[in-house]
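Novice: I would like to see how this sequence folds:
(chains A and B)
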Amino acid sequence: MNSLNPGLIMIIAGVVAPLIPASIRGWALLFVPVGGFLYTLGLNVGDSSSIKALGYTLQLTRVDKLSLVWGYIFHIAAFLGMLYALHVKDQMQQISALIYAGAAVGAVFAGDLITLFVYWELTAISSVFLIWASRNEIAYKTGMRYLLIQVGSGVILLAGVILWYKQTGSLAFDHIGIETMAGKLIFIAFGIKCAFPLLHNWLQDSYPKATVTGTVILSAFTTKLAVYALARGFAGTEMLITIGAVMTAFPIFFAVIENDLRKVLAYSLNNQLGFMVVGIGVGTELSLNGTASHAFAHILYKALLFMSMGAVLFRTGTCKASELGGLYKSMPFTAVFCTIGAMSISAFPLFSGFVTKSMIMTAAAGEGHWIAWTVLLMASAGVMEHSGIKIPYFAFFAHDSGRRVKEAPWNMLLAMGITAFLCVYIGIYPDPLYAVLPFPVDYTPYTTAHVITQLQLLLFALLAFIVLIRTGWYPAEMPSLNLDTDWIYRRLLPCVIRWAGGIIGRVDRMVREESLVVLRDLIAMIERQHGDKAPMTQTMHAGTMALIVLSILFLFLIVMIV
Amino acid sequence: MSEHTPKIHDPKKYWLDNPKNVDKLVYAVYAVCAVLFFSDLIYHKHPHYEAEEWLGFYGVFGFVAFFGIVMAGKLLRKLIKRDEDYYDE
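Specialist: Modelled structure (predicted):
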């Protein structure tokens, strides 16, 4: 069937949004993702639409099981994020959120690489306004860095696509692989958006500086779009197992010592992406189902965690662990929702992470990737540390900061409540999620062994936390900033440029001074030769000239005669 | 943004404010851990690797990993911690 790309619904709504009166705009826009979701539910595998432009065939819509999973969850995330932001009357954020979410949906239903590129860049350009909407100097600079890196990813993607077309003569977005130069470029473009190790820091740099509601929206789309793109183009690429395992591991150490709790969640997001990337690298039906379902569950619990920290920031004006504590007394509902998000990401039985992450772990172990499996298990204890315990503990419990604030606004609570419900629902009854996965599911999450081993891992991790707190060995939360790879372009590069500029300046001055000396000498010489009364500038009388000419003529005659 | 964050004297005592109640929770965690550890003896595992069959493997792994991560984090902090205004923003 010929179908419209569902992403266009939210994009077009975003464009016409300014025409809606401000008083009802927030409410009206809530219906857009609902409409988009219902439209997506009506799509069938095999639906598509193409156009011919400039001799190329572009497949604007391609519906298959992989794209549908992302299509569903992106609409759900857009709805929940906009409900959470219902109290915000800022038109810029409303438009930006809709177009951004629409572009992400558009990208997952793109059937060819050019269409993908267009939506890919649109997600970058539309989302930066959610950072700029903080409307301060820091957010402005951060937004510029974010935009440079995001658009850069798109430029690399385009270069890869052009090469790919020259080599294969096809623009279809199917399996690509990293064997060719084109494949490598596209891989790197996806890797930037997916926050691969060393390409990751735009995420931790920018997300904590977006608005309270902007971060919730941002957390859902960009990185998961990249996971989708990797799953389609690079499933079974062995290198992704290593990359993913490193991704799960290194952010947890940064998260332990990070004071800004929204930044802790950004590191945690990076770590969760690692699990999905390992699933893509393993490349079996079980592992790809694991990646798809984990992306689905992750978008929900990560949004829930960002929502709860956003509510804390909204009410207290800070998200720093060193300034928080004891908030369960005045924000009890937010505390409960946050804890549900924390237990979901930690993969407690009956919560969503338990029924999705384990598919990836089982697939990695089953295919004999024991090193990756061990790293993932270690990273699971790490998730328990930074998201399972640190986030709720230091915000809502720990020592009482004495802050007494109002509970979060009703729309935030409702958004958190629905998201928390979905996290638990998926955890208890995963079958509807399993039913929409790309491959038939032959996996039972609730076995005695799985439940007990997972509880052992998590409860003994909690035990370690208790020991560390009671012995005073747990690192204190303190106002601080930790260096990460952004140091390279925020400190090192400017220093190198200043240093190089200094050297160039000195050389330049030396050359100029030396040339001036030479020039002065030259001018002096000319002065001596051609200056006033110098030999070359002395004038003679016409009579003298005539006498000289006559003398020469006379001499000439004598010579001729003789 | 201090106007958002009134720090008022709150005379109400909450259940968790009493250290004895916190102790109760901690003992409960100890007890649950002990039960989980020894329950390894009474069910059948489907391990991929031999180590998984050791008594309390997941518990010991979880404890050691958590402990190690936090300690490594402390070391990392020595290396990369700077003042909040390091980037002059």
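
Novice: could I get the full set of helices for the stretch 1-150 of chain A?
Specialist: Secondary structure of the stretch 1-150 of chain A by DSSP state H, counting those that start in this stretch: the helices cover A:7-16, A:22-41, A:65-84, A:91-108, A:113-132, A:137-168.

Novice: what's the burial count for A:R62?
Specialist: Per other Cβ atoms under 10 Å in any protein chain shown, the neighbour tally for A:R62 reads 24. C-betas here are computed from N, CA, C, even on glycine.

Novice: which strand residues bridge it?
Specialist: Per DSSP bridges, the residues bridged to A:R62 are A:S48.

Novice: centroid residue for chain B?
Specialist: Centroid check for chain B by Cα atoms, centre = their mean gives B:F66 as the closest residue, at 7.4 Å.

Novice: show me what the host helix or strand of it is packed against.
Specialist: Using DSSP states H and E, B:F66 sits within helix B:57-80. Applying 3 or more Cβ pairs under 8 Å, 6 or more residues apart in numbering or on different chains; DSSP states H and E, one finds that helix B:57-80 makes contact with helix A:239-257, helix A:370-383, helix A:448-470, strand A:481-482, helix B:19-39.

Novice: next, the angle helix A:370-383 makes with that helix.
Specialist: Helix B:57-80 runs at 70 degrees relative to helix A:370-383, counting by axes from the mean of the first three to the mean of the last three Cα atoms, to 10 degrees.

Novice: partners of the next helix or strand after helix B:57-80 in the sheet?
Specialist: Remark: after helix B:57-80, the chain's next helix or strand is strand B:81-82, criterion DSSP H and E. Strand B:81-82 pairs in its sheet with strand A:481-482 (antiparallel), by DSSP bridges.

Novice: quick one: mean pLDDT for the strand it pairs with?
Specialist: Average pLDDT, strand A:481-482: 86.

Novice: what pLDDT, on average, does stretch A:200-217 get?
Specialist: On average, the pLDDT along stretch A:200-217 is 94.

Novice: could you do stretch A:401-412 as well?
Specialist: Stretch A:401-412 comes out at a mean pLDDT of 92.

Novice: for it, measure first residue to last.
Specialist: Taking Cα to Cα, to the nearest Å, the span from the opening residue of stretch A:401-412 to its closing residue is 23 Å.

Novice: and chain B, is it touching that?
Specialist: Yes: using Cβ under 8 Å from any Cβ of the partner chain, stretch A:401-412 reaches chain B at A:S401, A:G402, A:R403, A:R404, A:V405.

Novice: so which of the helices and strands packed on helix B:57-80 is nearest A:S50?
Specialist: Ranking those by proximity to A:S50 (Cβ to Cβ) places helix A:239-257 first, at 30.2 Å.

Novice: and that closest one, how far out from the chain middle?
Specialist: Centroid displacement of helix A:239-257 relative to its chain, using Cα atoms, centre = their mean, to the nearest Å, is 16 Å.

Novice: so which bits of that helix are buried?
Specialist: A:240-257 (16 or more other Cβ atoms under 10 Å in any protein chain shown).

Novice: out of these, which touch chain B?
Specialist: Near chain B, by the rule Cβ under 8 Å from any Cβ, you find A:I252, A:F253, A:F254, A:V256, A:I257 out of these.

Novice: lowest average pLDDT across the helices and strands packed on helix B:57-80?
Specialist: Across the helices and strands packed on helix B:57-80, strand A:481-482 gives the lowest mean pLDDT, at a mean of 86.

Novice: and the next element down the chain from it?
Specialist: helix A:486-487.

Novice: what does stretch A:392-402 contact?
Specialist: Residues outside stretch A:392-402 that contact it (Cβ atoms under 8 Å, 6 or more residues apart in numbering or on different chains) are A:261, A:308-309, A:312, A:321, A:323-329, A:331, A:334-335, A:338-339, A:342, A:477, B:7-8, B:10, B:16-17.

Novice: filter the residues you listed down to the ones in helices?
Specialist: A:L261, A:S308, A:M309, A:V312, A:T334, A:A335, A:C338, A:T339, A:A342 (DSSP state H).

Novice: out of those, give me the one that has the most neighbours.
Specialist: Going by other Cβ under 10 Å, A:S308 tops the ones in helices among the contacts of stretch A:392-402 with 34 neighbours.

Novice: spatially, what comes nearest to that residue if we skip its sequence neighbours?
Specialist: A:C338 (3.6 Å; Cβ to Cβ, 6 or more residues apart in numbering or on different chains).

Novice: could you check which residue of the stretch 101-250 of chain A lies nearest chain B?
Specialist: When distances are taken as Cβ to the nearest Cβ, the stretch 101-250 of chain A reaches nearest to chain B at A:I138, 4.7 Å away.
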